[in-house]
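Peer 1: Attaching a predicted model along with its sequence, questions to come.
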Amino acid sequence: MVFERRCIAKYSVFVGFLLMVVLSSLPSAWALDQETISRRDLVIDLGEGLTTDAQLTFPAVGDGPFPGVLIIHGSGSTDMDGYIPAELTGTGEPVRHYLLLAEYLTERGFAVLRYNKRGVGLTGVTLDADIVVNKTVQDLIGDAEKALKVLMHQSQVDQGDITIIGRSEGAIIAPIVAIENPEVKKVVLMGAGAHNLYDMLWYQVVERNMVMFEARGAGAPPDLGQRDGREQHR
């Protein structure tokens, strides 16, 4: 009987210790399971009956308002996520680098606004070819300024602490918007152009495409007329 009681006592102590460990780990485990990012889908009025989709991400924990960040995208038919298809990433998987950037900043206490370029939808799909082809730099500057106003009107955003991040083409637009809008306190330029416009366009339109064809082992670009003919017979 004495032996059994001692065994029961040791067993009870062991179970109690395990229970204490489990209970003490619950708060941290609960915190890890918490959603850290809140999302708000928005529509930005670009004027003249044109709108574009946008999304605000802001911390789901902590007290706001939070420092605000506006991401201005690079050239091309670019969506708010910065979607790059799998065949261009070299990894076999698509990449959404603006979304990754927004989530990284949001998890560190920032409220971030991203928006689709005019005439473009998610995954870079062209919604209106006329709008995409005929847009001007002034259009893009105006769109960025409207997006900035939308960001600043969100209750989670500190209007006295606004940063603009511009990438590539956006690195040209961001300083212009910042100069015209003194509410912007900081500007971050990513992939800013180090050459004149002609050289950059030549690289984007000619050299980069040739490198892509060579990397794929495709040789010369296919004849567009033959390709169009094959597509018409499908």
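Peer 2: Sure, I can see it.

Peer 1: So this structure: which segments form each domain?
Peer 2: Under the assignment automatic domain parsing, the domains of the chain span 35-194, 196-228.

Peer 1: looking at the ones you listed, which is buried most?
Peer 2: domain 35-194 (a mean of 17; mean count of other C-beta atoms under 10 Å). Every residue, glycine included, has its C-beta placed from N, CA and C.

Peer 1: Sketch out the helices for the chain, chain order is fine.
Peer 2: Using DSSP state H, the helices of the chain run over residues 2-33, 86-89, 97-106, 129-134, 137-152, 169-180, 197-202, 208-215, 224-232.

Peer 1: Gly166 contacts Val184, correct?
Peer 2: No. Taking contacts as C-beta atoms under 8 Å, Gly166 lies outside contact range of Val184: 11.0 Å.

Peer 1: so how far is stretch 148-158 from its chain's centroid?
Peer 2: 17 Å (C-alpha atoms, centre = their mean, to the nearest Å).

Peer 1: Helix or strand, whichever it is, which one in this structure has the lowest mean pLDDT?
Peer 2: Every helix and strand in the chain was compared by mean pLDDT, DSSP states H and E; the lowest is helix 224-232, with a mean of 34.

Peer 1: pretty sure Thr57 is touching Ala102, no?
Peer 2: Yes. Contact criterion C-beta under 8 Å: Thr57 and Ala102 qualify, at 5.1 Å.

Peer 1: Need the residues touching each of those two.
Peer 2: Common neighbours of Thr57 and Ala102, using C-beta atoms under 8 Å, 6 or more residues apart in numbering, are Val112, Arg114.
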